[in-house]
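Student: sequence first, predicted model second:
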Amino acid sequence: VAPRTLPATASVHRAFPRHTLDGAAVRAALLDAVVTLAHQLRRRGQAARGLTLTLRFAGGTTWDKTRRLAEASAHDDDLRTTAYRLIDAAGLQRGRITGITLKAEDLIAAERVAEQISLDHAREARLAAEEVSDRIRAKFGHDAIRPATTLLRVS
């Protein structure tokens, strides 16, 4: 029996039905992509060491940027913080965005990630809630639970 190797990258894409200039809608789509990607990584037993954000603009041009994570992770908070730094680095002002792709790179097996003892009770509570969220998704489907921001329809 030969063990199956897991892919070295994973990505999630979100497309907008129309060109959008709305920063809140873009951040909501990015947060949805982060939560989906983090769940996908945890389900596969992997952690990312880097993230790449690709923005597709009206007219077909793209912008992409890669950042390394401080430590390999598959947690929503860690990926969200890095993804928000990436979107802030884009300096969007009047760009008409048609799609976002978030790619986790340099993946490693989750058991190879060192677990640090934390005295941050708020982070520990979020990680415990993340485990519960994963069990809810496993039982009722991916869209059963997600951040409220991703449900907002900003006009």
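Tutor: Perfect, I can see it now. Numbers count the residues shown, from 1 in each chain.

Student: what's the closest residue to residue 23 other than its chain neighbours in contact with, if anything?
Tutor: Leaving aside its sequence neighbours, residue 23 sits nearest to residue 92 (Cβ to Cβ, 6 or more residues apart in numbering; 6.7 Å). In short, each C-beta sits where N, CA and C put it, glycine included. For residue 92, the contact set (Cβ atoms under 8 Å, 6 or more residues apart in numbering) comprises 23, 26, 55.

Student: closest one of the residues you listed to residue 38?
Tutor: Nearest to residue 38 among the contacts of residue 92 is residue 26, at 18.6 Å by Cβ to Cβ.

Student: residue 90 is in contact with the closest one, correct?
Tutor: No: if you go by Cβ atoms under 8 Å, residue 26 and residue 90 don't touch, sitting 9.4 Å apart.

Student: quick one: mean pLDDT for stretch 148-155?
Tutor: Mean pLDDT, computed over stretch 148-155, is 62.

Student: export the contacts of residue 92 to TSV and tack on distance to residue 135?
Tutor: Below are those laid out as TSV (distance: Cβ to Cβ, whole Å):
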residue	distance to residue 135
23	33
26	30
55	33
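
Student: please narrow those to those residing in helices.
Tutor: Among the contacts of residue 92, the residues falling in helices (DSSP state H) are 23, 26.

Student: out of the contacts of residue 92, which are buried?
Tutor: Listed as buried from the contacts of residue 92 are 26, 55; burial here means 16 or more other Cβ atoms under 10 Å.

Student: helix/strand/coil for the most centrally placed residue in the chain?
Tutor: Ranked by distance to the mean C-alpha position of the chain (Cα atoms, centre = their mean), the top residue is residue 34 at 1.8 Å. Classification of residue 34 using DSSP: H, G, I helix; E, B strand; the rest coil returns helix.

Student: all set, thanks.
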